[in-house]
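Novice: generate a structure from the sequence data that follows.
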Amino acid sequence: MKANLCQSIFLCAVLLASPALAQDIDFTKARIKTEKLSDTTYMMMGEGGNIGLSVGEDAVFLVDDQFAPLTPKIKAAIAKLTKKPVKFVLNTHWHFDHTGGNEKFGKAGAVIVAHENVRKRLSTEQFIEFFGMRRKPEPKAALPVVTFTRDVKFHINGEEVQALHIPNGHTDGDAIVHFGKSNVLHTGDLFFNKLYPFIDTASGGSVDGVIAAVDRMLEMVRDNTKIIPGHGPLATKAELKTYRDMLATVAGRIKAAIQEGKSLEAVVAAKPTAEFDAVWGKGFLSPEKFVEMIYKNLKK
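Specialist: Residues are numbered from 1 along each chain as shown. Model (predicted):
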């Protein structure tokens, strides 16, 4: 799992830093790992964002779909569980490591569902300022055909699946997905487990919004809830709480430094993440870049 996670983190780093390099990535070597969480729900890890999956008598329901070249491998992994095609794809936000498979799944007949801001961003040119990265509009087949503003429920495979919009966290279109009977929560990129998270300020994200989102999730879940993070291994409520405390501590220190008039360079040099770096600092955001991101987010 560690090797697979490191590969995924590296790939995200490469693509976020320079999407033109995507053509140099050998997706043929990617593996899709499926972990059963309940009678009907699964977590799928490959490259990019973690996938949630519900398989049952009604339909195949997918939460996020990673990078476009991985769609055949994702379909092959699902085919080991059921012969049914994917009927629904729910996007937790617009980033392409979570929505890259939309076009192929959409053309195959899946109904794509997301918050209305996800459709707006996928249908127009986007600029992720922190990485200096532009994204062209996606084709029609990749766009959500069902959108919601606050929440939407699916009564499927013997349980109620609820997607809840969490405003201005990782982006302005985030949704978390709760599988009630299965006691599973997919957090999208509002939660990165054991690596510093990316918060997309240019897409309406905010560190305070992420902390508020995690507080809301902590109220929803139980001690034995299985939590699928946007990136990183399957998590528990205790690990989600640890993430929240780390983020609040670092953001609080940086906020105080900003109020004191300290420059970005001075704040980075002060190493406000030092005590957390051993656990959280080995992802695609180095401690220095993470501090820079939080500083610029709070300044805005």
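
Novice: run through the bridge partners of residue 160.
Specialist: residue 155 (DSSP bridges).

Novice: residue contacts, it?
Specialist: By CB atoms under 8 Å, 6 or more residues apart in numbering, the contact list for residue 160 reads 153-154, 180-181. No exception for glycine: its C-beta is placed from N, CA and C like everyone else's.

Novice: of those - the most surrounded one?
Specialist: residue 154 (19 neighbours; other CB atoms under 10 Å).

Novice: pull the helix or strand with minimum mean pLDDT from this structure.
Specialist: Here the helix or strand of the chain ranked lowest by mean pLDDT, DSSP states H and E is helix 2-17, holding a mean of 44.

Novice: which residue ranges of the protein form helices?
Specialist: 2-17, 71-79, 96-99, 102-107, 116-122, 207-220, 237-259, 264-269, 277-280, 287-299 (DSSP state H).

Novice: could the contacts of residue 160 be laid out in CSV, adding pLDDT and distance to residue 104?
Specialist: As requested, those are exported to CSV (pLDDT from 0 to 100; distance: CB to CB, whole Å):
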residue, pLDDT, distance to residue 104
153, 98, 26
154, 98, 22
180, 97, 29
181, 98, 30
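
Novice: okay, the residues you listed in TSV with distance to residue 130 next?
Specialist: As requested, the contacts of residue 160 are arranged in TSV below (distance: CB to CB, whole Å):
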residue	distance to residue 130
153	34
154	33
180	35
181	39
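
Novice: so what pairs up with residue 175 in the strands?
Specialist: With DSSP bridges applied, residue 175 shows beta-bridge pairing to residue 165.

Novice: so, low pLDDT: which residues of the stretch 1-150 of the chain?
Specialist: 1-25 (pLDDT under 70).

Novice: could I get the full set of strands for it?
Specialist: Counting by DSSP state E, counting those that start in this stretch, the stretch 1-150 of the chain has strands at residues 33-36, 41-45, 51-55, 60-63, 86-90, 111-115, 126-128, 133-135, 146-148.

Novice: can you give the distance of the fifth one from its chain's centre?
Specialist: Okay, so that is strand 86-90. Distance, stretch centre to chain centre, for strand 86-90: 17 Å (CA atoms, centre = their mean, to the nearest Å).

Novice: just stretch 270-290 next, same as before
Specialist: On CA atoms, centre = their mean, the centre of stretch 270-290 falls 19 Å from that of its chain.

Novice: ok, now stretch 259-268?
Specialist: For stretch 259-268, the distance to the chain centre is 29 Å (CA atoms, centre = their mean).

Novice: mind listing what's buried along it?
Specialist: Judged by neighbour count using 16 or more other CB atoms under 10 Å, the buried positions of stretch 259-268 are 262, 267-268.
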